[in-house]
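# Just to be clear, the model below is a prediction. Sequence and coordinates:
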Amino acid sequence: MKLGNVLAAVFRRDWTMMKRYMVNSVSSLMSIYMVFMLIFMGLQSVSRYASTSGLDGSLEGTIVGFFVWTFTIYAFSNLSWNLTNEAQTGTLEQLYLAPCGFKWVGACTIVSDFVFSFVPIMLLLVAMMATTGKWLRVDLISLVPLLLITLLGGHGVGFALGGLALVFKRIQALFQIVQFVFIGLLVIPIHVPVAKYLPLAMGNYLIRRTMVDGVRLWRLPPADVLIAVAVGAAYLAVGIAIFSWCERVAKNRGLLGHY
């Protein structure tokens, strides 16, 4: 089976699901926007907001951090939720019969999720900028590659949680914990030595340089970009390794066909 056929099938599935459950899709974006509004009103009520590197001590930095966090939530949760839903509906074993292997099906799912979530999240970004009156630079040539680099770590977490979902089935509470952990990763000052080697931190810093300071991708420090790529790839590799181990455990225990 060609990967192009798998990708096309996944695209058709996700497009159909998005149209069929449009109200749920719109409601999820509205809930995220409401969370941002609560943060925004909280910042407005504090006259001297303490400076933190992740949010940059500014409204612009807060918008960028929330923007990256939203993309990350979609990145890590969609694969895990899809696995849980497939197990509940009894179609997970069918996906494992794909000649290309389930990992490639998961990779195609990640690509599809990014494509279908890109426009809604960008609309959310426009809504946040319109609400706050702070208009950032949206240079897609620089922004899209940096987003892909930053989300590598998020996808690694998604593969790890997907593996745990195969074995333990119900891990929805863990999803919520990870969401708050990601917030912590985004507010860690980048000058802290360990921050560069944590997922999201360096990528969020580079995206902020692009959107707030107007620095183009090719003008960013090459060493910082390489660190972001290496860290993201490392977390992705670890996530895939955890998924592979959990996959073997689930197969040995006969858990794939049961929820």
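Good, I have the coordinates.
# Could I get the buried residue list for the one helix or strand F66 maps to?
Element membership for F66 (DSSP states H and E) is helix 59-89. Using 16 or more other C-beta atoms under 10 Å as the test for burial, helix 59-89 gives 59-84, 86-87. In this view, the C-beta of every residue, glycine as well, is placed from N, C-alpha and C.
# need the contact list for R253.
By C-beta atoms under 8 Å, 6 or more residues apart in numbering, the contact set of R253 is V167.
# and if you look at L220?
By C-beta under 8 Å, 6+ apart, L220 lies in contact with L206, R209, T210.
# The last one against V144, yeah?
No: no contact is recorded between T210 and V144 when judged using C-beta atoms under 8 Å, the distance being 10.6 Å.
# okay, these two: which has more neighbours?
Neighbour totals were compared for T210 and V144, and T210 leads with 24 against 13 (other C-beta atoms under 10 Å).
# can you tell me the helix or strand for the nearest residue to the more buried one once chain neighbours are set aside?
Residue nearest to T210 in three dimensions, not counting chain neighbours: S142, with 4.8 Å by C-beta to C-beta, 6 or more residues apart in numbering. Secondary structure from DSSP H and E places S142 in helix 140-168.
# next helix or strand past that helix?
Moving toward the C-terminus from helix 140-168, the next helix or strand (DSSP H and E) is helix 172-187.
# Packing partners of that following helix?
Packing partners of helix 172-187 (3 or more C-beta pairs under 8 Å, 6 or more residues apart in numbering; DSSP states H and E): helix 59-89, helix 140-168, helix 201-211.
# Give me the contacts around that helix.
Helix 172-187 is contacted by residues 52-55, 65, 68-69, 72-73, 76-77, 80-81, 84, 154, 157, 161, 164, 198-201, 204 when judged by C-beta under 8 Å, 6+ apart.
# tell me the angle of that helix relative to helix 201-211?
Counting by axes from the mean of the first three to the mean of the last three C-alpha atoms, to 10 degrees, helix 172-187 points 60 degrees away from the direction of helix 201-211.
# Check whether I32 really touches T70, as I assumed.
Yes: at 5.7 Å, I32 and T70 qualify as touching, with contact defined as C-beta under 8 Å.
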